[in-house]
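Visitor: I'd like to go over a predicted model; first the sequence, then the structure.
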Amino acid sequence: MADATVPEEISSLWKSLDPAVRAALIESESKASSNGDAMASSSSAASSSHGGAQGRRALASSGPRIESSSHIGGSSFVCRTSNPSWIKVRSDVYDEVRARREEELSVKVPVDIGVTLPDGKTLMEDKEGVRYQAWRTTPFDVAATISRGLADAAVVSRVTYSSFVSDYDAAMDGMDGVDLDEAMADLDIDDKDDADDAGGKANTTMLWDMTRPLVGHVSKIEFLKFEDDQDARTAFWHSSAHVLGEALERLYGSRLTVGPPLAGGFYYDSYMGDGGADGTLKEDDYKLVEAEVAKIIKQKQKFERLVVTKEELLRLFEGNPFKEQIISSKIPDGSRSTVYRCGDLVDLCRGPHLPNTGRIKAFAATRHSATNWLGDTDNDSLQRMYGISFPDKKMLKVWIENQEKAKERDHRRIMTQQNLVMLHDLSAGSAFWLPHGARIYNKLISFIKEHYWKRGYDEVITPNVFNLDLWHQSGHAMHYKDAMFCFDVEGKEWAMKPMNCPGHCLMFGGQIRSYRDLPIRYADFGVLHRNELSGALTGLTRVRRFQQDDGHIFCREDQIEQEVLGALDFMKSVYTTFGMTYKLELSTRPKKALGEKELWDRAEAALARALDTFQGKGGWKENPGDGAFYGPKVDIKVMDAMERVHQCATVQLDFQLPIRFNLQYNTGSKEEGNQFARPVIVHRAMLGSVERMFAVLCEHYGGKWPFWLSPRQVMLIPVHKDWNDYCQEVRDRLHSEGFYADVDLSKNTFQKKVRSAQIDQYNFQLVVGEAEVTNGTVNIRTRDNKVEGEKKVDDLIAYFKELVAKFK
């Protein structure tokens, strides 16, 4: 880490860490996105981050949307050259274009506007009495009216316009343009549901640069801080990626490709030549990059947003064939997009960004790797550098400490140490559950099944293989086929199911249904397969074969609120048992929503009422426009022992599958035209993918499983071989009561037996000597070496049963 950006003690701490920790991958969205998300779209597993064989699915896919291009970098590029001349050429073009835009802006007529704060108060002017005006006043100005400290702390703003000024045109302002990182984020999957939902319509909520002039009357404005809001962190890390890109250009003359934010950090891919020593990054480069970043931060370079035409973009990025290919392929002729400049860097980007680079107080390069353009080994080799940054140096120190903890708690390490799960290349992405791991797996399933019994769910079993016609009918084949295992049988195409919902629709539609039958709650632990990229496979957090505690509720519209409440109560019970906290967010109608607006409004109102009842007003957050195209959803974000956020559980409404499968029920009405109605489907899962939940719990508990879930509950340790038979009798008694008990009959010393049991994470060691045999007792020690003393075997069994009953 650069000494210019972090205190010396943090730099020393960083350098003292194990290199493997320093090189640890930043948490990416692939870990935040669960395999178990009901009806999930293909996720970031298809990212361009995985080149070559690592960037291919197990079966052939349709490939990137931008055509594979072989080698477009070429040896003619002179890289590893500091401050190349083309940087100035690009800056000159930028200045020329900016002059044209400023001339266009000069004719805009300032119009007085009002800005409404979250508390409902509307401001019309600043502290000096200067009126707020469109094209002039920025969110920073408004925040400074409240408090200069607020203005300096806010990363970005979230703005909802009630109306725009008459001379505002979203298309001309670049709002419909393409974000480079967004365009490249999922190369072989069709456009995301909300990929182009950038705003530009009244009553649309959008993120807005703090220094970008407002363009209408604001019905609500929020100022987002790094500590409080994921959107703020994303913008902060996106800005940091630009700073990293500027450093790479300055130092090495790198041709930048893409540099997106991640769930916990960022990276930048760049072309550095045709390979060899001069075409690759090395760990020695970290210090150079960090020192250059420190200079950029010290300069407090402003992030400037500039609207540009396609022709101007091609001029700006002339000589960078990677950017040129994206611009030519992704940006329509005659459209406008946006670029951002900080210092010498100009990059195609939608934003928003920080006001200036000085907001970054701590920065560290954390890892580098090789990848390929478009994730294809036939294309140019790129170098990827990962980084992390914070607005406070103390945050970086905490982050470094957490990386050390994360290494110790890594589920891949624990599952190997404790002989729980193995993985093998001959079935990549599929877990081999060893005996002790299967104990935990089965206990989790049983735990959910107990809830099903109490909560009125009916467990069903559905096929693993379906004719692809099913997936065409459900709509998944159009967007999801590349993520499915497909094969031909007798001239027809079949696929392993990646989700259960279409099969459940067939079951619902297989009988005549009455309004009295609803709600119908199906639960399914069926095996699912998703053809994830091999390079995206990560332990048990991203797999190809998995099971989930999948459930689908078919209900009437008037039952939505009650069913969602029931699902939320289910979720609370599960995660309280695990010792996790959670946050709830309501994601509402996106731009590309299907279905009648009135139905969406009613459904969103029902979800809001359920959340108010369950969590209390103000106890949940709204994510406007972030719902799926087929229905609004409740996002459930749970926090583990290290305060990392996971999204495992889901509650999602679906209006579209009932239409696609022509599902209906008899309403009981005799009125013509109202005799049948469509049910609403509630997709819900509590654990999500059981494999992924196992990984989360593994790291949450740090391998110290609570007694009720532990695969190794009791180890009996005789202090002498004379007491072996008594230990075996006690072990058999415990086994007959359903507890996992073992006896250490090895020739190791007593102390070594105790230590081995503690290392293996047995919850209790039961020590047996002559006194215990005589008294019919055992002497109890915990895995933390706390001695609890003698206890009768009957009393011990009662104690263990109590622990299980209380999920301790």
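Guide: Looks like it arrived, so ask away. Residues are numbered from 1 along each chain as shown.
Visitor: CA only for contacts and neighbour counts going forward, please
Guide: Will do.
Visitor: Quick check: which element contains residue 341?
Guide: Assigned by DSSP states H and E, residue 341 belongs to strand 336-342.
Visitor: Tell me, how many residues neighbour residue 635?
Guide: Here the count is done by other CA atoms under 10 Å, and residue 635 has 22 residues near it.
Visitor: Mind listing the residues bridging to it?
Guide: Residue 635 forms beta bridges with residue 585, residue 650, as assigned by DSSP bridges.
Visitor: Cross-check the contact I'm expecting between it and residue 582.
Guide: No: counting by CA atoms under 8 Å, residue 582 is not a contact partner of residue 635; they are 10.1 Å apart.
Visitor: Name the residues contacting each of the two.
Guide: By CA atoms under 8 Å, 6 or more residues apart in numbering, residue 635 and residue 582 have no common neighbours.
Visitor: now the residue nearest to residue 312 when sequence neighbours are not counted: how far from residue 339?
Guide: Once flanking residues are discounted, residue 312 sits nearest to residue 97: 7.4 Å by CA to CA, 6 or more residues apart in numbering. Distance, residue 97 to residue 339, using CA to CA, to the nearest Å: 11 Å.
Visitor: Check residue 172 too.
Guide: Distance, residue 172 to residue 339, by CA to CA: 14 Å.
Visitor: who touches both of those two?
Guide: With contacts taken as CA under 8 Å, 6+ apart, residue 172 and residue 339 have residue 307 as neighbours in common.
Visitor: more crowded one of those two?
Guide: For residue 172 and residue 339, the more surrounded residue by other CA under 10 Å is residue 339, and the numbers stand at 22 against 15.
Visitor: just checking, what packs against the helix or strand hosting residue 547?
Guide: Following DSSP H and E, one finds residue 547 within strand 545-555. Based on contacts counted as 3 or more CA pairs under 8 Å, 6 or more residues apart in numbering; DSSP states H and E, the elements that strand 545-555 packs against are strand 520-524, strand 527-529, strand 680-689, helix 690-701.
Visitor: circling back to that earlier point, which residues sit against the strand holding residue 341?
Guide: Residues outside strand 336-342 that contact it (CA under 8 Å, 6+ apart): 171-179, 242-243, 301-310, 346-351, 356-357.
Visitor: Moving along the chain from the helix or strand hosting the residue nearest to residue 312, name the first helix or strand you hit.
Guide: Assigned by DSSP H and E, residue 97 belongs to helix 86-106. Next along the chain after helix 86-106, taking DSSP H and E as the criterion, comes strand 115-116.
Visitor: Identify each buried residue in the helix or strand immediately after the strand holding residue 547 in the chain, please.
Guide: For strand 545-555, the following helix or strand on the C-terminal side (DSSP H and E) is helix 560-577. Neighbour counts over helix 560-577 (16 or more other CA atoms under 10 Å) mark 560-561, 563-565, 567-568, 570-572, 574-575 as buried.
Visitor: related to what we said a few turns ago, between the helices and strands packed on strand 545-555, which gets nearest to residue 156?
Guide: Nearest to residue 156, of all the helices and strands packed on strand 545-555, is helix 690-701, at 31.2 Å by CA to CA.
Visitor: Now do the closest one, average pLDDT.
Guide: In this model, helix 690-701 carries a mean pLDDT of 95.
Visitor: what's the answer for stretch 158-178, then?
Guide: Averaged across stretch 158-178, pLDDT comes to 83.
Visitor: can you check stretch 356-369 too?
Guide: pLDDT averaged over stretch 356-369 gives 96.
Visitor: Can you give the distance of that stretch from its chain's centre?
Guide: 21 Å (CA atoms, centre = their mean, to the nearest Å).
Visitor: Pull the number of nearby residues for residue 89.
Guide: Using other CA under 10 Å, residue 89 has 14 neighbouring residues.
Visitor: How about residue 536?
Guide: When neighbours are counted by other CA under 10 Å, residue 536 registers 23.
Visitor: quick one: it from residue 429, how far?
Guide: Per CA to CA, residue 536 is found 9 Å from residue 429.
Visitor: which among the contacts of strand 336-342 end up buried?
Guide: Among those, those classed as buried by 16+ other CA under 10 Å are 173-179, 242-243, 301-310, 346-351, 356-357.
Visitor: Return the per-residue confidence for residue 627.
Guide: pLDDT at residue 627 comes out at 86.
Visitor: swap in residue 3?
Guide: For residue 3, the pLDDT comes out at 42.
Visitor: What of the one 10 residues further on?
Guide: Reading off the per-residue confidence, residue 13 sits at a pLDDT of 47.
Visitor: do residue 59 as well
Guide: Predicted confidence (pLDDT) at residue 59: the value is 41.
Visitor: Tell me how far stretch 536-544 lies from the chain's centre.
Guide: Once both centres are worked out by CA atoms, centre = their mean, stretch 536-544 turns out to sit 14 Å from its chain's centre.
Visitor: The helix of greatest length in the chain packs against which elements?
Guide: Ordering each helix of the chain by length in residues (DSSP state H) puts helix 230-252 first. Judged by 3+ CA pairs under 8 Å, 6+ apart, helix 230-252 is in contact with strand 154-164, strand 216-225, strand 255-256, strand 261-262, strand 265-271, helix 284-298, strand 345-348, strand 381-390.
Visitor: What angle do strand 265-271 and it make with each other?
Guide: Helix 230-252 and strand 265-271 are oriented at 30 degrees to each other (axes from the mean of the first three to the mean of the last three CA atoms, to 10 degrees).
Visitor: Now do helix 230-252 and helix 284-298, the angle between them.
Guide: Using the same axes, to 10 degrees: helix 230-252 against helix 284-298 is 110 degrees.
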